[in-house]
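Novice: Predicted model, plus sequence, below.
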Amino acid sequence: MQPMRTPKSRKRIAWAAVPLVAIALLAAGCGSSGGGGGSSKAASSGGQESAQSSNQTTIYFATFAIANSFWGAMKKGAEEAAAQTGAQITWTQGTEFSTSETVKRMEVAISTKPDVLVVSDIEPSAFEPLMKKAQEDGIAVIDINAESPSKTPPYLLYVGANEYEAGQEAARHTLEAGTPTGAACEIQALESAALHERCKGYEEVLSAKGVPVELVNVAGTPSQTEAKMEGYFTSHEKTNAAYLLTSEPAYLAPMIKVKQKFASRNITLITNDTSEEVFERIKSGEVLGTIGQQQYLQGYLPVIYGSLYEKYGFLPADPTLTGPSWIDKSNVAQTEKQESLG
């Protein structure tokens with residue numbers, strides 16, 4: 001696991017902070033023969049398209065993406081950055097969250113020899129050998145969405161949230177609602193190093209206040225997830241707080257049912273990431289809030305950075321953090337507007 005680093009030692013950059021002169025420089029120098037704009041080749045897990053152009057930076061996204069609003073906003077960011085820089089992007093996504101599917105898409109991406117490969121290091125043991133291979137083949141690798149726990153990760157740059165700090169943020173807001181007598185960190189993918197970092201941060205803050213925290217595996221179908229959650233809260237009568245590490249309806253809906261069943265316990269529920277369902281649950285008060293990570297920037301910035309690196313050798317000295325951010329009733333409407341980008 002990576003050691004805790006304070007926000008002062010990490011670079012937080014919003015899209016407006018990207019030097020506009022650099023974007024103008026890229027746009028002026030891209031020299032596209034097809035009319036000047038960048039382009040996107042979308043692909044599903046079953047196939048992909050790619051077009052090489054001698055005067056375009058080629059950037060291939062082979063991440064953990066699936067077709068939903070979260071990754072859709074990220075794709076929109078990549079497409080808009082491509083239009084600004086003249087880069088040629090290839091976007092791929094799976095039909096479901098799958099390590100094996102992602103590995104296959106990464107292998108195909110490497111075989112096309114893009115200038116830049118964008119990945120999400122959700123499962124380092126499966127993905128990092130391919131990232132190293134890409135580097136050996138002369139491909140620049142940028143990681144988004146899930147940071148490697150390694151001190152020497154096989155990529156040039158990370159763009160995304162600090163997952164450890166996301167967990168800490170969830171814990172702090174939990175405490176603001178009232179110190180719980182027990183808390184559950186509900187994880188939907190035990191193999192994900194990033195999700196364990198969230199739980200680690202959550203536990204550290206709550207444990208310091210004397211609150212016991214347990215990691216609860218909620219992976220499975222919605223009915224299986226509900227059964228696991230209900231079983232846990234039935235056997236742990238003092239647990240009255242939960243940090244659900246996703247806001248996907250397949251996991252959030254079962255947790256809402258469980259919370260309603262144990263209504264007398266007044267469970268403080270916080271989730272991670274965004275979805276239409278969690279926005280509605282925040283408005284209704286069933287979810288206190290969710291931890292966001294401005295995923296649009298996770299699509300936008302790698303195209304900007306990749307283009308600058310390939311053309312001029314420029315690269316930020318530190319990871320670029322797009323989160324965590326806190327979303328509750330006070331700003332959920334604004335966040336919904338941002339999500340509509342996807």
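Specialist: Perfect, thanks for sending it. Numbering: from 1, shown residues only.
Novice: Quick check: closest non-adjacent residue to the most centrally placed residue in the chain.
Specialist: By CA atoms, centre = their mean, the chain has its centre lying nearest to Asn145, at 3.4 Å. Counting by CB to CB, 6 or more residues apart in numbering, the nearest residue to Asn145 once its immediate chain neighbours are dropped is Ser120, at 4.1 Å. Every C-beta, even on glycine, is put in place using the N, C-alpha and C of the backbone.
Novice: Quick check: the one you found touching Ile142?
Specialist: No - contact between Ser120 and Ile142 fails when scored by CB atoms under 8 Å: they sit 10.2 Å apart.
Novice: Tell me which residues of stretch 76-95 come out buried.
Specialist: 76-94 (16 or more other CB atoms under 10 Å).
Novice: Repeat that for stretch 201-219.
Specialist: By 16+ other CB under 10 Å, the buried positions in stretch 201-219 come out as Gly201, Tyr202, Glu203, Val205, Leu206, Val211, Val213, Leu215, Val216, Val218.
Novice: Tell me the one of those residues nearest Trp71?
Specialist: For those, the minimum distance to Trp71 (CB to CB) is 21.1 Å, reached by Val218.
Novice: wait, that closest one sits on Gln188?
Specialist: Yes - judged on CB under 8 Å, Val218 makes contact with Gln188 at a distance of 5.6 Å.
Novice: tell me which element Val118 is part of?
Specialist: Assessed by DSSP states H and E, Val118 sits inside strand 116-119.
Novice: If you count contacts, what does that strand end up packed against?
Specialist: If you count contacts as 3 or more CB pairs under 8 Å, 6 or more residues apart in numbering; DSSP states H and E, strand 116-119 packs onto strand 58-61, helix 99-111, helix 124-136, strand 140-144, helix 295-312.
Novice: go again using 10 Å as the cut-off
Specialist: Under the contact criterion of 3 or more CB pairs under 10 Å, 6 or more residues apart in numbering; DSSP states H and E, strand 116-119 touches strand 58-61, strand 88-92, helix 99-111, helix 124-136, strand 140-144, helix 295-312.
Novice: Averaged pLDDT, it. What do you get?
Specialist: Strand 116-119 shows a mean pLDDT of 98.
Novice: one step back: ok, now how distant is the residue nearest to Asn145 from Ala83?
Specialist: If you measure Ser120 against Ala83 using CB to CB, to the nearest Å, the figure is 23 Å.
Novice: circling back: how about the helices and strands packed on strand 116-119 in JSON lines, adding distance to Glu286 and mean pLDDT?
Specialist: Converted to JSON lines, the helices and strands packed on strand 116-119 look like this (distance: least, CB to CB, whole Å; pLDDT from 0 to 100):
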{"stretch": "strand 58-61", "distance to Glu286": "34", "mean pLDDT": "98"}
{"stretch": "strand 88-92", "distance to Glu286": "34", "mean pLDDT": "98"}
{"stretch": "helix 99-111", "distance to Glu286": "32", "mean pLDDT": "97"}
{"stretch": "helix 124-136", "distance to Glu286": "34", "mean pLDDT": "97"}
{"stretch": "strand 140-144", "distance to Glu286": "30", "mean pLDDT": "98"}
{"stretch": "helix 295-312", "distance to Glu286": "23", "mean pLDDT": "97"}
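Novice: Dump those to CSV, plus distance to Lys283.
Specialist: Converted to CSV, the helices and strands packed on strand 116-119 look like this (distance: least, CB to CB, whole Å):
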stretch, distance to Lys283
strand 58-61, 32
strand 88-92, 31
helix 99-111, 33
helix 124-136, 36
strand 140-144, 29
helix 295-312, 21
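Novice: so which of the ones you listed comes closest to Ala250?
Specialist: helix 99-111 (17.4 Å).
Novice: Where does pLDDT dip in the stretch 101-250 of the chain?
Specialist: Judged by pLDDT under 70, the stretch 101-250 of the chain has no weakly predicted residues.
Novice: Can I get the strand holding Val118 in PDB? Just the C-alpha atoms.
Specialist: What follows is strand 116-119, C-alpha atoms only, in PDB (Å, rounded to 0.1, in the frame of the first residue of the first chain):
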ATOM      1  CA  VAL A 116       0.000   7.100 -25.800                       C
ATOM      2  CA  LEU A 117      -1.900   4.300 -23.900                       C
ATOM      3  CA  VAL A 118      -4.300   5.400 -21.200                       C
ATOM      4  CA  VAL A 119      -5.200   2.800 -18.600                       C
END
